[in-house]
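Asker: Make a model of this:
(one chain, ligands or ions: 1)
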Amino acid sequence: MERPAGVSAVNFDGVATCPPLPEVAEAMRPWLSERHANPESRHAAGAAARRAVEEARADVAALVGAKPEEVVFTSGATEANNLAVRGAAAWLRRAGDSGVAVPAHEHPSLLHPARTLAREGFTVAEIAVGRDGLLPPAAVPGLPRGLLAFSHAHAELGTLQPAAELAAAARASGTRVLVDATLTAGRIPCTVETLGGPDLLTLSFHHFGGPMGVGALLIRGGLPIAPLLEGGAQERGYRPGTPNLPGIVGAGVAARIARGTLAEREAALRRAAADLREGLQGIDGLHFTGPPPESRLPGHVSFTVERIEGESLLLRIEAEGVLAATGSPCADVAGFASAALLAAGYTRNEARGHLVSCAPPHPAPSSAATREAAAAVQRVVGALRALAPGAETPGR
Ligand code: PMP
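Answerer: As a prediction, the model looks like this:
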């Protein structure tokens, strides 16, 4: 719904994307006009473009404490995850380790390529998780050896996985690790070290102030990953094709700005989530989903409301100036119910009534705006209940 000019919404739709920072748009502009050049060109403009890409690569590496040569730019986290999982097939086959393990409620960009490998004859374990979405490190030794892939933060349940413990358990079993840090890198302090030194790490820049259509896969320790595309030597052959120069420049600026502000961002996100939870607390029939705050992505609150469809709630709160989501924009949806929630043991009704609110990091909504958002949810729940006072929720 269009908002009247000058009235800004309270944005709790940070799992979908976050607004680009003004500095990012400004830094990208010349590369879309007078500085446009192919970084592979052997003239001065090409050399300048090449330097800009390498500068961005260094900034991205610095954000997560990695080496610039480990960074492979992609079109986003979806491509990075596909490259990591499908690109590992040849190495897994050669190493005699044929297994990939992925939590059953994972983001489709990890789950679907794993299922493709399963169709190609690899052993693929979809790891059962409970309603908190947490993957226990104790489960790792029982998984197929090879590659363990998981999202650091789950878009729909807000679960923050114990990445370092999982990586240590995987290493002890001789298993490599892929961490998708789409929702954590650039928002909260998060480096290869704090993540336990994963072999592969996924980033997405539009989730923390950079442009859409740019992501990165960090390939560490020389793990042999086969490219998905053929026909060029760009990105050291891992990702052939003329790169998205303006996007990569914007990604570098977003990474540089984020690096200096991560502790503040985290504190503001925690405060926003705490305010929102407090404001929602008393709403009749509202149940928080996912793990408790200490195991959640800072800024993320998810919940179901009995007898209310997530979709109706979403549209009504938008009319009140609050943006949220019913799930991840990439979620598999079966009959309006998120496959990820069903996989984590939620009922179809709970999954249909689910709402995800995730604050963007820059800036996180103020306490006053957050209180307003919670009050809007309360009003809308009351109004929807009044419309269908007798409705029951079968089989919560
Ligand atoms: N992984 C996770 C955990 C996500 O939440 C998302 C999107 N929200 C993606 C991957 C896909 O990211 P992109 O939009 O960069 O393809």
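Asker: Could you pull up the residues touching the residue lying closest to Glu311 once chain neighbours are set aside?
Answerer: Nearest residue to Glu311, sequence neighbours excluded (C-beta to C-beta, 6 or more residues apart in numbering): Thr326, at 5.9 Å. All C-beta atoms are positioned from the backbone trio N, CA, C, and that covers glycine. Applying C-beta atoms under 8 Å, 6 or more residues apart in numbering to Thr326 gives the contacts Gly310, Glu311, Leu314, Ser338, His354, Leu355, Val356.
Asker: I am assuming the second one contacts Val333, so please confirm or correct that.
Answerer: No - under the criterion of C-beta atoms under 8 Å, Glu311 lies out of contact with Val333, with a separation of 10.5 Å.
Asker: Please, which helix or strand holds the nearest residue to Ala155 once chain neighbours are set aside?
Answerer: In space, and not counting its chain neighbours, Ala155 is closest to Ser328: 3.7 Å by C-beta to C-beta, 6+ apart. If you go by DSSP states H and E, Ser328 is not part of any helix or strand.
Asker: What's the local residue count around Ser328?
Answerer: Ser328: 23 surrounding residues under other C-beta atoms under 10 Å.
Asker: show me the contacts for it.
Answerer: Val15, Ala16, His107, Ala155, Glu156, Ser338, Ala340, Val356.
Asker: In three-state terms, how would the fifth one be classified?
Answerer: To tie it back to what came earlier, the one meant is Glu156. coil (DSSP: H, G, I helix; E, B strand; the rest coil).
Asker: burial of it, as a residue count?
Answerer: Glu156: 28 neighbours (other C-beta under 10 Å).
Asker: Let me see the contact set for it.
Answerer: Glu156 neighbours (C-beta under 8 Å, 6+ apart): Val15, His105, Gly290, Ser302, Gly327, Ser328, Ala331, Ser338, Ala340, Leu341, His354, Val356.
Asker: Next one: it from the ligand, what distance?
Answerer: Distance, Glu156 to the ligand, by C-beta to the nearest ligand atom, to the nearest Å: 9 Å.
Asker: List the buried residues for stretch 255-265?
Answerer: Ala255, Arg256, Ile257, Ala258, Arg259, Thr261, Leu262, Arg265 (16 or more other C-beta atoms under 10 Å).
Asker: what does the chain have sitting close to the ligand?
Answerer: Proximity of the chain to the ligand, by C-beta under 6 Å from any ligand atom, involves residues 15, 76-78, 107, 109, 151, 155, 180, 182-183, 204, 215, 328, 330.
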